[in-house]
Each structure stands twice: as structure tokens, then as C-alpha cells.
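Colleague: Sequence and computational prediction follow.
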Amino acid sequence: MALAAGLFVVLAVAASSAGWWTLAALPLAGVLTWAAGAPAATPRGRVETASTTARQWCLLVLCATVPAAYVVPGAKSVLAPGLGYSAVVVAVLLAASVADALGARLPERMSRWVVVAAFAVAAAFVAVCVAIAPATPTFAQAEPPTPLGLGVAVVLVLPLFSELRAGRLAAAVVTSMAVAAAALYQLGPVRFGLSPTSLRDVLVAADAAALTSMLVVVAVLAGLLGAVRHAGRLREAGERVTGRPGWSGAGAGAVAAACLAAAVLGPALAVQLAGVVTLADVAHRLVRRGRR
């Protein structure tokens with residue numbers, strides 16, 4: 001679910017650092033994720049437990065920012081005029097927590113029809129982008145990458161693939177590259193990187209403004225489902241600490257902290273935070289795997 005929700009903001013933030021070379025950052029992040037191996041279903045040891053829980057918390061923050069950013073255009077954090085953004089963040093995390101408390105659970109592997117539907121939406125987005133030529137040439141805006149910009153982009157897109165393996169990881173990388181390439185083709189790296197919600201601008205530029213409402217609905221759904229998944233992971237982490245089933249004070253406190261972080265940071269900083277913490281988790285798994 002991190003992939004479905006993250007695509008709505010992560011690609012644009014990565015493009016602000018690497019431009020067209022985001023297309024190279026995506027497979028590099030996929031290779032790094034593959035090399036690190038699958039995260040343990042039940043973390044062992046304090047370091048592994050801390051890194052896994054921190055990554056899940058950051059993904060919860062990221063998922064909460066996606067619906068808020070798309071429902072309240074232009075508001076990047078609670079510091080922006082109005083309280084609409086923070087209200088949506090609170091509503092998403094409250095709904096996710098209540099749904100989990102009532103027994104809503106998402107399977108570790110989504111059903112095939114859900115995956116097919118997600119790929120169909122991505123394919124439709126790509127088709128809309130390439131059907132109409134951009135108003136100004138965008139390939140000419142490609143510049144040689146700087147090592148720093150490309151490295152930052154790799155870190156930023158890591159959360160998209162952190163829980164995927166094998167064929168699903170490869171499919172996620174290819175799908176992300178297709179969506180990023182279509183968006184960059186239509187807007188160019190400069191315009192695409194201006195805002196975390198630039199996918200909305202892509203549809204407008206492609207003369208498909210009528211589809212923006214559908215894009216918002218999909219963004220809200222993806223963010224909410226991702227929040228349910230990662231809120232549940234935090235509940236499970238609390239259960240391992242207390243030894244009792246259900247929500248603990250630590251789990252509820254983590255969700256409250258995520259609510260505050262999502263409202264204050266906004267989507268761009270949430271992407272950066274998730275990228276750094278995911279990199280630390282991947283590095284830990286690489287070290288652990290190298291010792292075996």
C-alpha cells in the first residue's frame with residue numbers, strides 16, 4: 001500500500017532533485033531493496049524492532065499526507081492558511097485507527113483483482129499523458145545528473161518498494177517508471193517538481209482536467225488504505241511490547257504523534273523523512289544479511 005499511496009507525492013518530490021534522472025533512481029532503489037532482502041515478519045532484537053517500527057510510523061505519516069494534500073490543494077502543512085489540511089489528516093488517521101480497532105485487516109498480499117485494477121489505473125494515466133503532445137518540448141530539459149541529486153532521489157523513492165519482493169518488486173519498479181516518465185513527458189522536470197501534488201497538474205496539461213476529481217478520489221482511497229495497513233502494524237508493535245492484544249497506550253500515542261507530524265511536515269518533508277528512515281532500515285538489513 002505504500003506504493004499506491006506514495007506514487008501520488010513521492011515521484012514529484014524526487015523529480016525536484018533529479019529531474020528526468022528520477023527514471024534511473026527508481027530501478028536503483030529497486031535493486032537496493034532487493035539486495036537488502038525481505039524484512040522479517042516479526043522483528044528480532046532491539047535494533048531491528050526499532051528500525052522496522054520507525055519505518056512503519058513514517059509510512060503512516062506519508063499515507064496520511066496524501067489525501068490531505070489532494071483534498072486541500074495548495075496547503076502543504078498546518079502552517080498554511082486554514083485548517084482544512086490538518087482536519088483531513090486527523091480524519092484519515094482517526095478513520096484508519098477506528099477501522100483497525102473494529103477488526104479491519106488488509107492481507108499481506110493484496111488480491112489479484114486489486115493489483116490488476118491498480119495497474120489499469122496507472123496504464124490509463126500513462127495513456128492520457130502520452131495521447132497529447134506537451135505544449136513545450138520537455139526532453140530538451142534533461143540535464144546530466146549530479147551524484148547528489150541522483151542519490152537523494154534514490155533515497156526518496158525507497159519507501160515505495162520497502163515491502164515488495166520478487167515479481168511484485170519488479171512490477172512496481174516498471175509501473176513507477178512508466179508513471180514518472182509520462183508525467184515528466186507532459187510537464188517536464190521543472191514543473192513536475194514544483195509541487196508534491198503535480199500529478200493533478202499533469203492531467204490539466206494533458207487536457208484531461210475532468211479526470212482530476214477521479215484522481216483525488218483514488219489518492220484519498222490509496223492514502224486511507226495505506227493508513228489502515230500501517231496503523232495496524234503499529235498496533236502489532238504495541239502488542240509485542242505489552243504482550244496484550246489490541247491497542248495499547250504506546251500504539252495510540254504513536255498514531256497521535258503521526259497525526260501531528262503529518263500536519264506539521266506536509267507531504268514533501270514526510271517523503272524525505274520516510275526516505276531517510278527507510279534507508280536506515282535497508283542499511284540494517286544489508287548488514288544483517290552480510291553477516292549470515
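Modeller: Received, thanks.
Colleague: Run through the stretch 51-200 of the chain and note the low-pLDDT ranges.
Modeller: 74-82, 110-111, 135-143, 145 (pLDDT under 70).
Colleague: all helices for it, in order.
Modeller: 84-101, 112-131, 147-161, 166-192, 198-205 (DSSP state H, counting those that start in this stretch).
Colleague: now, of these, which is deepest in the fold?
Modeller: helix 147-161 (a mean of 23; mean count of other Cβ atoms under 10 Å). C-beta: built from backbone N, CA, C; applies to glycine.
Colleague: For Val13, which of the helices of the stretch 51-200 of the chain is the nearest?
Modeller: With Cβ to Cβ, the closest approach to Val13 among the helices of the stretch 51-200 of the chain belongs to helix 147-161: 5.7 Å.
Colleague: which helices and strands sit right next to that closest one?
Modeller: helix 2-18, helix 22-36, helix 46-71, helix 166-192, helix 249-291 (3 or more Cβ pairs under 8 Å, 6 or more residues apart in numbering; DSSP states H and E).
Colleague: how much does the longest one deviate in direction from helix 84-101?
Modeller: Read it as helix 249-291. 80 degrees (axes from the mean of the first three to the mean of the last three Cα atoms, to 10 degrees).
Colleague: gap between helix 249-291 and the chain center?
Modeller: 12 Å (Cα atoms, centre = their mean, to the nearest Å).
Colleague: Quick one: mean pLDDT for that helix?
Modeller: For helix 249-291, the mean per-residue pLDDT is 88.
Colleague: and what of stretch 210-226?
Modeller: 89.
Colleague: which residues are contacting it?
Modeller: 1-2, 4-8, 59-60, 62-67, 69-71, 92, 95-96, 106, 121, 128, 199-200, 203-204 (Cβ atoms under 8 Å, 6 or more residues apart in numbering).
Colleague: Right, I'll leave it there.
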